[in-house]
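Trainee: no FASTA, just this:
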């Protein structure tokens, strides 16, 4: 079994739900408290022992590459001013030379196509895939726990959580097979099934460990939902030949691709921070006590 050394981050999306902000700023660079969303996902990958970061970018995403590079002027200014804490922070976030790669997805053809664009950088070995919109909060990162389970199962692995059984038609749902370590064997995958047809209420949440054979499938994959090349369709074909397992994540997941999820993430991570949680909690309490609900304010107007 090969070690999972590389991680793919598909960051080519336009982020239209956050316009006008994303007209100039990639959605992955929007900040949760004081770090870009992409930094949380990269931190999770590095905690899991990932050695090489692969970013699949698009137009107007150069700022992501700049962010993970050294800004000489900033470093020199901080050094001159004796800002040792800030310098140490930046150094800890900086990937080592040669451990970050960037490739372009020239056209918005879907998640499956974005993953396929990383094929030559990944090579013939298993890899992790982390969707940057989804940031996860737990003492131990989701991917680190997945890597530990993968060392027992091999094959392919996805993170899952449980949804309301009445809402299975919003997600990709997996069937719950026999237990394996901290996870279970997947005995079926269905994209957005009606509740009566769903094999379970476990849905895929944006973390994957996949075998390189997925690239051959995606290369000839026909367009699916949304007229895009869907990763789920490719995984269904791969599941005909290889085993899939699930890791039920026990922490909190925030979909930062939506405004509501992004705001929840900011509140949750602020309250997780010992240096600011007290003040933030007090301010939120006061705000909730004084701000009128939106419906009442609209009616009054």
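Mentor: Here it is on my side, so go on. All values reported here derive from a predicted model rather than from experimental measurement.
Trainee: from here on, contacts and neighbour counts on C-alpha atoms
Mentor: Noted.
Trainee: where do the strands of the protein begin and end?
Mentor: Here the chain has its strands, by DSSP state E, at 6-10, 31-32, 35-36, 52-57, 100-104, 127-130, 134-137, 156-162, 172-180, 183-191, 202-210, 244-248, 252-255.
Trainee: run the chain-centre distance for the last one.
Mentor: Which is strand 252-255. Its chain's C-alpha centre and that of strand 252-255 lie 9 Å apart, by Cα atoms, centre = their mean, to the nearest Å.
Trainee: where does pLDDT dip in the stretch 151-300 of the chain?
Mentor: 293-300 (pLDDT under 70).
Trainee: would you confirm that residue 157 contacts residue 239?
Mentor: No: between residue 157 and residue 239 there is no contact under Cα atoms under 8 Å: 10.9 Å.
Trainee: show me which of the two is the more surrounded one.
Mentor: Taking neighbours as other Cα atoms under 10 Å, residue 157 and residue 239 compare with residue 157 leading, 26 against 18.
Trainee: next up, the contacts around the more buried one.
Mentor: Applying Cα atoms under 8 Å, 6 or more residues apart in numbering to residue 157 gives the contacts 146, 150, 208, 209, 210, 244, 245, 246, 247.
Trainee: which strand residues bridge it?
Mentor: Residue 157 has these beta-bridge partners by DSSP bridges: residue 209, residue 245.
Trainee: any idea how far it lies from residue 280?
Mentor: 37 Å (Cα to Cα, to the nearest Å).
Trainee: just residue 203 next, same as before
Mentor: As judged by Cα to Cα, residue 203 and residue 280 stand 32 Å apart.
Trainee: could you check which of the two is surrounded by more residues?
Mentor: Neighbour tally, residue 203 and residue 280, criterion other Cα under 10 Å: the higher count belongs to residue 203, 25 against 15.
Trainee: the more buried one touches residue 164, doesn't it?
Mentor: No: under the criterion of Cα under 8 Å, residue 203 makes no contact with residue 164, lying 10.1 Å away.
Trainee: sorry, back to before: closest one of the contacts of residue 157 to residue 42?
Mentor: Distance to residue 42, by Cα to Cα, is smallest for residue 208 among the contacts of residue 157, at 14.2 Å.
Trainee: can you count the residues close to that closest one?
Mentor: 24.
Trainee: do residue 85 as well
Mentor: Using other Cα under 10 Å, residue 85 has 10 other residues around it.
Trainee: just the pLDDT for it.
Mentor: Listed pLDDT for residue 85 reads 91.
Trainee: separation between it and residue 40?
Mentor: 20 Å.
Trainee: what sits up against stretch 26-46?
Mentor: 7, 11, 14-15, 18, 53, 60-61, 63-64, 130, 132-136, 141-144, 256-257, 262, 265-266, 269-270.
Trainee: tell me how many other residues crowd the closest residue to residue 57 other than its chain neighbours.
Mentor: With sequence-adjacent residues excluded and distances taken as Cα to Cα, 6 or more residues apart in numbering, residue 57 is closest to residue 12, at 4.3 Å. Around residue 12 there are 25 other residues, counting by other Cα under 10 Å.
Trainee: do residue 7 as well
Mentor: Number of residues near residue 7 (other Cα under 10 Å) recorded here: 24.
Trainee: now do the contacts for it.
Mentor: When contacts are counted by Cα under 8 Å, 6+ apart, residue 7 is found next to 45, 50, 52, 53, 54, 127, 128, 129, 130.
Trainee: quick one, domains of this structure?
Mentor: Following automatic domain parsing, one finds the domains of the chain at 6-257, 258-301.
Trainee: winner for burial among the ones you listed?
Mentor: Of all the domains of the chain, domain 6-257 has the most neighbours on average by mean count of other Cα atoms under 10 Å, namely a mean of 18.
Trainee: for residue 224, phi and psi?
Mentor: Backbone torsions of residue 224, given as degrees, to the nearest 10, read phi -120, psi -130.
Trainee: correct me, but it touches residue 234?
Mentor: No: the criterion here is Cα under 8 Å, and residue 224 misses it with residue 234 at 10.2 Å.
Trainee: quick check, central residue of the chain?
Mentor: Per Cα atoms, centre = their mean, the C-alpha nearest to the average position across the chain is that of residue 131, at 2.9 Å.
Trainee: ok, now which ones touch the nearest residue to that one once chain neighbours are set aside?
Mentor: Using Cα to Cα, 6+ apart and skipping residues adjacent in sequence, the residue nearest residue 131 is residue 206, 5.2 Å away. Counting by Cα under 8 Å, 6+ apart, residue 206 touches 129, 130, 131, 134, 158, 159.
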